[in-house]
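Participant: Predicted model and sequence follow; I will ask about them next.
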Amino acid sequence: MTRNQPSIFVPHGAPTFALRPGAAGAALAAMAASLPLPRAIVIVSAHWDTTVPTVGFAERPETIHDFWGFPEELYAIRYPATGCREAAEEVVKALEATGLPVVRDESRGLDHGAWVPLRLMFPEADLPVIPLSIQSRNGTEQAFTMGQALAPLAAKGFLVIASGNLTHNLRDYQMAARSGGQAPAYVRQFTDWLADRLAAHDIPALLDYRRQAPGGTQAHPSEEHLLPLYVALGAGGENSQVKRFHAGIDNHVIAMDAYSFLPR
């Protein structure tokens with residue numbers, strides 16, 4: 001019998017997370033080892049941002065190195081994932097059933113927001129992977145709705161992994177890298193607020209984080225790295241069991257918190 005999968009929000013950090021996974025990487029690997037075997041993985045990355053929800057149909061999605069100026073060994077990494085047209089069509093149908101427009105992409109590969117956590121969680125690359133884009137211009141409500149559309153797939157053995165970061169301010173990152181300074185206060189304030197509101201299932205507050213959360217706009221000058229959280233939250237279904245299975249900060253300003261949302 002197929003067991004329900006949770007949906008998961010994971011950090012992908014800076015690209016060097018692939019080389020130095022540390023405690024966050026160990027937490028992701030332990031989570032993956034605890035799961036029932038998925039039929040397929042739907043991976044939602046902050047780095048695939050489109051106007052309309054788009055599902056990847058590539059049979060062998062390439063490893064995209066969408067970053068510059070990092071150590072050479074990063075560019076040699078490949079994650080030899082395979083796709084699955086049948087599973088991708090089920091994702092399309094689930095989105096369409098909620099009234100969302102959907103585009104199929106026959107060639108999209110896996111950007112670092114996808115392959116970095118996948119490589120840590122499923123290093124054998126032996127499960128079908130279906131990429132799904134975000135729409136940063138459409139905000140939190142649309143991301144949550146997209147997640148809700150995916151929720152029925154959990155009972156069919158699909159594992160939704162949404163990859164971003166709970167804080168993502170590149171200007172603050174660059175300043176901290178130059179000065180070696182401590183994490184700005186908003187980093188912990190914002191992630192603690194999210195943890196509190198997620199535990200309370202306070203969906204209205206979460207959707208309105210830019211007005212209600214301390215440091216919300218500073219944590220996310222643009223929203224693409226937080227929206228995957230809302231996809232994972234929606235995909236967990238109503239009143240899901242919320243678990244923060246890792247909390248930490250890398251590079252002074254990048255929150256590496258990870259969450260699972262288990263359907264009840």
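Facilitator: Received, thanks. Residues are numbered from 1 along each chain as shown.
Participant: And the next helix or strand past the longest helix seen in the chain?
Facilitator: Secondary structure of the chain per DSSP state H: the longest helix is helix 185-199. Taking DSSP states H and E as the definition, the helix or strand that follows helix 185-199 towards the C-terminus is helix 203-207.
Participant: just checking, next helix/strand downstream of that next one?
Facilitator: Next in sequence after helix 203-207, counting helices and strands by DSSP H and E, comes helix 209-212.
Participant: Show me how far that following helix is from its chain's centre.
Facilitator: When distances are taken as C-alpha atoms, centre = their mean, to the nearest Å, helix 209-212 is centred 20 Å away from the chain's centroid.
Participant: Also stretch 196-207?
Facilitator: 18 Å.
Participant: now residue 242, nearest residue through space, not along the chain?
Facilitator: In space, not counting the residues next to it along the chain, residue 242 is nearest to residue 198; the distance is 5.1 Å by C-beta to C-beta, 6 or more residues apart in numbering. Backbone N, C-alpha and C define where each C-beta goes, glycine included.
Participant: Touching, the one you found and residue 260? I think so.
Facilitator: No. The pair residue 198 and residue 260 does not pass the contact test of C-beta atoms under 8 Å, sitting 10.9 Å apart.
Participant: Quickly list what's touching both of the two.
Facilitator: Shared contacts of residue 198 and residue 260, defined by C-beta atoms under 8 Å, 6 or more residues apart in numbering, are found at residue 242.
Participant: thinking again about what came up before, who does the longest helix of the chain touch, helix- and strand-wise?
Facilitator: Other helices and strands packing on helix 185-199, by 3 or more C-beta pairs under 8 Å, 6 or more residues apart in numbering; DSSP states H and E, are helix 203-207, helix 209-212, helix 216-219, strand 241-246, strand 254-255.
Participant: how big is the angle separating it from strand 241-246?
Facilitator: Note on geometry: by axes from the mean of the first three to the mean of the last three C-alpha atoms, to 10 degrees, helix 185-199 and strand 241-246 are set 150 degrees apart in direction.
Participant: Any chance you could list what contacts helix 185-199?
Facilitator: When contacts are defined by C-beta under 8 Å, 6+ apart, helix 185-199 is touched by residues 166-167, 205-206, 209, 213-216, 218-219, 229, 233, 242, 244, 247, 249, 253, 255, 257, 259.
Participant: Can you list the buried residues in that helix?
Facilitator: 186-191, 193-195, 197-198 (16 or more other C-beta atoms under 10 Å).
Participant: just stretch 209-222 next, same as before
Facilitator: Within stretch 209-222, the residues that count as buried by 16+ other C-beta under 10 Å are 209, 213, 215-216, 218-220.
Participant: Name the spans of this protein whose pLDDT lies under the cut-off.
Facilitator: Under the criterion of pLDDT under 70, the regions of the chain flagged as low confidence span 1-3, 177.
Participant: So which residue is smack in the middle of it?
Facilitator: With distances taken as C-alpha atoms, centre = their mean, the chain has residue 163 as the residue nearest its mean C-alpha position (1.7 Å).
Participant: What distance do you get for the residue of the chain positioned farthest from its centre to residue 250?
Facilitator: Distance from the centre of the chain peaks at residue 179, with 29.2 Å (C-alpha atoms, centre = their mean). Relative to residue 250, residue 179 is positioned 16 Å away (criterion: C-beta to C-beta, to the nearest Å).
Participant: export the buried residues of stretch 209-222 to JSON lines and tack on distance to residue 111?
Facilitator: What follows is these, written out as JSON lines (distance: C-beta to C-beta, whole Å):
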{"residue": "209", "distance to residue 111": "25"}
{"residue": "213", "distance to residue 111": "27"}
{"residue": "215", "distance to residue 111": "27"}
{"residue": "216", "distance to residue 111": "25"}
{"residue": "218", "distance to residue 111": "25"}
{"residue": "219", "distance to residue 111": "22"}
{"residue": "220", "distance to residue 111": "19"}
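Participant: State the pair within those residues that is farthest apart.
Facilitator: By the measure C-beta to C-beta, the buried residues of stretch 209-222 have their two most distant members at 209 and 218, which lie 11.9 Å apart.
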